[in-house]
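Student: quick one, fold the following:
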Amino acid sequence: MPGQRLTQQDRRQIAAGLRDGLTYAAIARHLGRPTSTITREVMRNGGPNDYRPEQAPRPGRRTTRPQGSGRSAVAADLGARDPRVVERVAAQLTELLIQSGLPQMMARVLAALFTTDDGALTSAELVRRLGVSPASISKAVAYLEEMEIIKRERDPRGRAERYVMDDDVWFQAMLASSRINTRIAEASQSSARALGASTPAGVRLEKLGQFLFRVSADLVRSAEHWRHIYAPEKLGN
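Tutor: Just a heads-up that it's a prediction; the model follows:
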């Protein structure tokens, strides 16, 4: 129940949920707990890739976190930051991106890029940080490339490619959304004519098309305005 301590059975179910690829929110719903409770529990006890329910502290018992955990393997990618803080921020961002409609692995990759200072990671770094297969990373980055959210470039530290989050990531996402809405609007108006502009279905589809055309145009104008205000070169000042 909310407000009570997690039991060892709860922790075993959290571990099972993580192995099954469930999000913190999904695990929280299953246990009837706040998502923040699950997030803190996982971050305190190894992170999403190394969570061990048996390592979680029990009442009246002090535990020592084992040295050499999987967290140390990604420390080099995180600068001087505490990996637990980075994992917590990335986990929260991942949940929000999933709620916005982004598939889970794509959300995890994008959150990993967001939480690096230069917004770039190689495939090997993503594999190490997320604890997934190279094939999973390849599929996720292909999806994000198609959406024009990230791009590839040569890693200046070596010969490998790295994936870079575009400085205009949200602007590009807004444009992509606008393009989709415009296509829906065009299809709606074409369908309205096919069904008959004076029929109830035709009127409904025509109104939908007009609504989406206008919202898309407003969205693009607003995105262009605020992109100019918050341009990357201005954010550094």
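Student: contacts only, for the residue most central in space within the chain.
Tutor: Taking CA atoms, centre = their mean, the centroid of the chain lies closest to A107, which sits 2.5 Å from it. For A107, the contact set (CB atoms under 8 Å, 6 or more residues apart in numbering) comprises L93, T94, L97, I98. For glycine as for every other residue, the C-beta is placed from the backbone atoms N, C-alpha and C.
Student: would JSON lines of the residues you listed with secondary structure and distance to M147 be doable?
Tutor: Compiled in JSON lines, those are given as follows (DSSP: H, G, I helix; E, B strand; the rest coil; distance: CB to CB, whole Å):
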{"residue": "L93", "secondary structure": "helix", "distance to M147": "17"}
{"residue": "T94", "secondary structure": "helix", "distance to M147": "17"}
{"residue": "L97", "secondary structure": "helix", "distance to M147": "12"}
{"residue": "I98", "secondary structure": "helix", "distance to M147": "15"}
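Student: can I get those in a markdown table with distance to P134?
Tutor: Below are those laid out as a markdown table (distance: CB to CB, whole Å):
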| residue | distance to P134 |
| --- | --- |
| L93 | 23 |
| T94 | 20 |
| L97 | 22 |
| I98 | 22 |
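Student: among the residues you listed, who's most crowded?
Tutor: T94 (25 neighbours; other CB atoms under 10 Å).
Student: show the pLDDT at that one.
Tutor: For T94, the pLDDT comes out at 86.
Student: hang on, the earlier thing: what is the nearest of the contacts of A107 to A173?
Tutor: L97 (10.5 Å; CB to CB).
Student: test my guess that that closest one contacts A111.
Tutor: Yes: here L97 reaches A111: they are 6.4 Å apart, a contact under CB atoms under 8 Å.
Student: show me what the lengthiest helix in the chain is packed up against.
Tutor: The longest helix of the chain (DSSP state H) is helix 200-229. Contact partners of helix 200-229 among helices and strands, from 3 or more CB pairs under 8 Å, 6 or more residues apart in numbering; DSSP states H and E: helix 169-195.
Student: and the angle for the helix it packs on with helix 200-229?
Tutor: 160 degrees (axes from the mean of the first three to the mean of the last three CA atoms, to 10 degrees).
Student: wait, L6 sits on P34?
Tutor: No: in this structure L6 lies outside contact range of P34 using CB under 8 Å: 11.4 Å.
Student: more crowded one of these two?
Tutor: Neighbour count, other CB under 10 Å: between L6 and P34, L6 has more, with 17 against 14.
Student: quick one: that one from P48, how far?
Tutor: To P48, L6 is 16 Å away according to CB to CB, to the nearest Å.
Student: repeat for D167
Tutor: For D167, the distance to P48 - CB to CB - is 28 Å.
Student: so these two - more neighbours on which side?
Tutor: P48 (20 against 14).
Student: all helices of this structure, in order?
Tutor: 8-19, 24-31, 35-44, 71-74, 83-99, 104-114, 123-130, 134-146, 169-195, 200-229, 232-235.
Student: which of the ones you listed has the highest mean neighbour count?
Tutor: helix 104-114 (a mean of 23; mean count of other CB atoms under 10 Å).
Student: and the angle for that one with helix 169-195?
Tutor: Computed by the same axes, to 10 degrees, the angle between helix 104-114 and helix 169-195 is 150 degrees.
Student: let me see the mean pLDDT of helix 104-114.
Tutor: 89.
Student: gap between it and the chain center?
Tutor: 4 Å (CA atoms, centre = their mean, to the nearest Å).
Student: angle of that helix against helix 83-99?
Tutor: Going by the same axes, to 10 degrees, helix 104-114 makes 130 degrees with helix 83-99.
Student: so where's the protein shaky on pLDDT?
Tutor: For the chain, the stretches flagged by pLDDT under 70 are 1-3, 49, 54-80, 232-237.
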